[in-house]
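Enquirer: Provided below for reference: sequence and predicted model.
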Amino acid sequence: MSQALKRIYHADGYDTALPVGSYWESVVRNPVTDPALDGDLTTDVAIIGAGFTGLSAALHLAQDFGCAPIVLDAAQVGWGASGRNAGFNCVGGGKISDAAYTARWGAADLGLYYTTQRRATEVVGELLDTHAIDADRQPAGEWLMAHRRKDYEGFAEDAAYLQRMTGVQSEIIPPEALRERGVNGAGFHGGMLSQSGFCLNPRRYVFGLADALRRAGGRIFGDSAVTKITRLSDGRFALQTAKGRVVADRLVLAGNGYNSENLPPWMRGRYMPVVSHIMVTEPMGADVLGDQDWLVNQMACDTRKMLHYFRLLPDGRMLFGMRGAPNLAPDNRARMPAAVRADFDEMFPAWQHVKTAYHWSGLICVSRKLVPYVGAIDDWKGAYTALAYHGNGVSMASYCGRLLAGMAAGKPYDEPLSKGMRAPLERYPFSRFRRLGLPAAFKWYGLQDR
Ligand SMILES: Cc1cc2nc3c(=O)[nH]c(=O)nc-3n(C[C@H](O)[C@H](O)[C@H](O)COP(=O)(O)OP(=O)(O)OC[C@H]3O[C@@H](n4cnc5c(N)ncnc54)[C@H](O)[C@@H]3O)c2cc1C
């Protein structure tokens with residue numbers, strides 16, 4: 001990617017020529033290589049970023065508003081987080097506590113925020129169905145595994161609260177019944193199965209969105225990093241790439257964790273990319289799976305703030321992910337596979353002999369307000385962005401892309417959008433150094449997990 005883009009991590013993390021190395025790449029080939037932009041084009045809406053946000057925005061613009069959007073990506077479709085995540089389509093999107101949310105935006109708005117989160121999971125299902133995308137959809141439901149006794153003891157209240165806020169039903173499973181339910185792991189003090197969302201193959205999903213967009217008349221250019229956005233005197237936007245320029249009436253920026261400090265300068269310090277890591281084991285047969293007794297294909301995570309997330313893949317591999325490295329420098333990245341593996345071995349001791357087949361990392365995105373943002377870029381009329389899904393973008397990015405389409409078309413959908421999500425994207429204090437605070441934040445969360 002161009003030198004002109006200022007990033008807050010080591011350049012390797014943004015180098016589109018370096019292999020990602022994900023398991024998904026090994027099972028799903030990119031069916032199309034989109035050409036680089038070469039020359040000048042004009043369009044009604046230009047979109048930067050070909051992940052869930054950008055493609056959902058483009059697809060909704062094309063199918064619902066008759067637009068002919070142009071999507072530009074520095075790499076190919078799904079190169080960012082969208083093609084390399086764990087595939088959990090679940091309720092979530094922020095990291096703020098309910099008490100803090102209520103204090104800022106009120107109890108009624110908190111209710112709307114929860115409705116948004118549930119609706120976001122449904123939008124993914126609708127996109128899969130409407131466009132006949134086969135994304136290896138897995139059985140509905142999400143497991144939450146208590147890593148402390150007190151978390152298990154709070155499950156009854158949590159389940160009642162979740163039902164009140166979202167209508168989602170949950171079942172609580174005591175520790176002695178975990179093995180027979182096929183959700184056994186060391187250190188689990190009980191589980192809660194919530195009937196919302198489902199997991200999928202994210203690479204199939206993102207390629208499916210891109211296919212649907214091409215069929216609907218949208219155009220995608222790969223290997224086309226936008227290095228400059230200029231506001232023209234007639235209000236339009238000119239997007240500069242290495243070999244071309246797109247002039248657009250309206251603009252959608254969908255770079256999430258791969259955004260830059262200077263594209264546009266308004267973005268500086270308003271987002272915080274955070275590294276997430278995943279490992280995937282070799283395939284396991286029924287006997288090996290039975291040794292550990294983790295047998296369900298639903299998504300799962302534990303109750304830690306320094307979250308572990310895991311799921312059994314359809315081919316008998318276990319996927320296991322967590323946050324961790326404070327940056328993307330090669331030495332830090334090199335340390336992560338062993339750290340992830342150590343936590344995996346502790347949680348699933350019967351699989352200590354099963355080899356790691358794949359491991360990779362990518363950037364999620366956090367905001368200072370700890371809630372996603374959907375809305376205008378600066379005071380630019382006709383320019384919109386959505387970002388900061390706090391590691392929950394399968395649903396939230398798909399949903400926010402839809403909202404962005406309505407905004408860019410000048411006809412917002414009649415869909416829930418809370419004040420918290422519309423609230424301005426605040427700049428981090430001492431934003432140039434914000435990354436340096438991460439190790440202390442990780443330590444603090446780790447202490448709270450004890
Ligand atoms: C390891 C990992 C695991 C995750 N697991 C889950 C999960 O299980 N469930 C869940 O809900 N979420 C998960 N997430 C988060 C989720 O993947 C993201 O929130 C979501 O994919 C964001 O989508 P996006 O389209 O906004 O951004 P991205 O998919 O990151 O796409 C941004 C794109 O913008 C492009 N771009 C940036 N700048 C420019 C530029 N100047 N010019 C051109 N192109 C540019 C990039 O090349 C990139 O392709 C995970 C993320 C990671 C990294």
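Expert: Thanks, I have the structure now. Numbering: from 1, shown residues only.
Enquirer: What pLDDT does the model give the closest residue to Gly13 other than its chain neighbours?
Expert: In space, and not counting its chain neighbours, Gly13 is closest to Leu328: 3.3 Å by CB to CB, 6 or more residues apart in numbering. C-beta here means a position set from N, CA and C on the backbone, and glycine is covered the same way. Leu328 carries a pLDDT value of 77.
Enquirer: burial of Leu328, as a residue count?
Expert: For Leu328, the tally of surrounding residues (other CB atoms under 10 Å) stands at 22.
Enquirer: Okay, helices next: where are they in the stretch 351-450 of the chain?
Expert: 393-409, 419-422, 438-448 (DSSP state H, counting those that start in this stretch).
Enquirer: Show me what the longest one is packed against.
Expert: With contacts defined as 3 or more CB pairs under 8 Å, 6 or more residues apart in numbering; DSSP states H and E, the packing partners of helix 393-409 are helix 52-65, strand 88-89, helix 107-130, strand 244-253, strand 373-376, strand 383-387.
Enquirer: ok, it near the ligand or not?
Expert: Yes: contact of helix 393-409 with the ligand (CB under 6 Å from any ligand atom) involves 393-395, 397.
Enquirer: The ligand contacts on the stretch 201-350 of the chain?
Expert: 225-226, 254-258, 260, 263, 276, 278, 321.
Enquirer: Next up, the contacts around the residue nearest to Gly13.
Expert: Leu328 makes contact with 9-10, 12-13, 275, 361, 363 under the criterion CB atoms under 8 Å, 6 or more residues apart in numbering.
Enquirer: Could you rerun that using 7 Å?
Expert: 9-10, 12-13, 275 (CB atoms under 7 Å, 6 or more residues apart in numbering).
Enquirer: Closest approach to the ligand from the stretch 251-400 of the chain, which residue is it?
Expert: When scored by CB to the nearest ligand atom, the stretch 251-400 of the chain has Gly393 as its residue closest to the ligand, at 1.9 Å.
Enquirer: and stretch 385-395, how far from the chain's centre?
Expert: For stretch 385-395, the gap between its own C-alpha mean and the chain's C-alpha mean amounts to 5 Å (CA atoms, centre = their mean, to the nearest Å).
Enquirer: Relative to Tyr9, how far out is the residue nearest to Gly13?
Expert: 4 Å (CB to CB, to the nearest Å).
Enquirer: before we move on, back to that, of all the helices and strands packed on helix 393-409, which lies closest to Arg450?
Expert: strand 88-89 (25.3 Å; CB to CB).
Enquirer: from the chain's centre, how far out does that closest one sit?
Expert: 9 Å.
Enquirer: From the contact counts, what lies against that strand?
Expert: Under the contact definition 3 or more CB pairs under 7 Å, 6 or more residues apart in numbering; DSSP states H and E, strand 88-89 sits against strand 198-199, helix 393-409.
Enquirer: Could I get the ones you listed in CSV, plus columns for mean neighbour count?
Expert: CSV is the format used below for these (neighbours: other CB atoms under 10 Å):
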stretch, mean neighbour count
strand 198-199, 26
helix 393-409, 28
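Enquirer: and of those, who's closest to Ala238?
Expert: helix 393-409 (16.8 Å).
Enquirer: Low-confidence stretches in the protein?
Expert: 1-3 (pLDDT under 70).
Enquirer: returning to what we had before: and the contacts of Leu328, which are buried?
Expert: Buried members of the contacts of Leu328, counted by 16 or more other CB atoms under 10 Å: 9, 13, 275.
Enquirer: pretty sure the last one contacts Trp360?
Expert: Meaning Val275. No: using CB atoms under 7 Å, Val275 is not in contact with Trp360, being 10.8 Å away.
Enquirer: circling back to that earlier point, for the residue lying closest to the residue of the stretch 251-400 of the chain closest to the ligand once chain neighbours are set aside, the count of nearby residues, please.
Expert: Spatial nearest neighbour of Gly393, chain neighbours left out: Phe52 (6.0 Å); criterion: CB to CB, 6+ apart. By the criterion of other CB under 10 Å, Phe52 has 32 neighbours.
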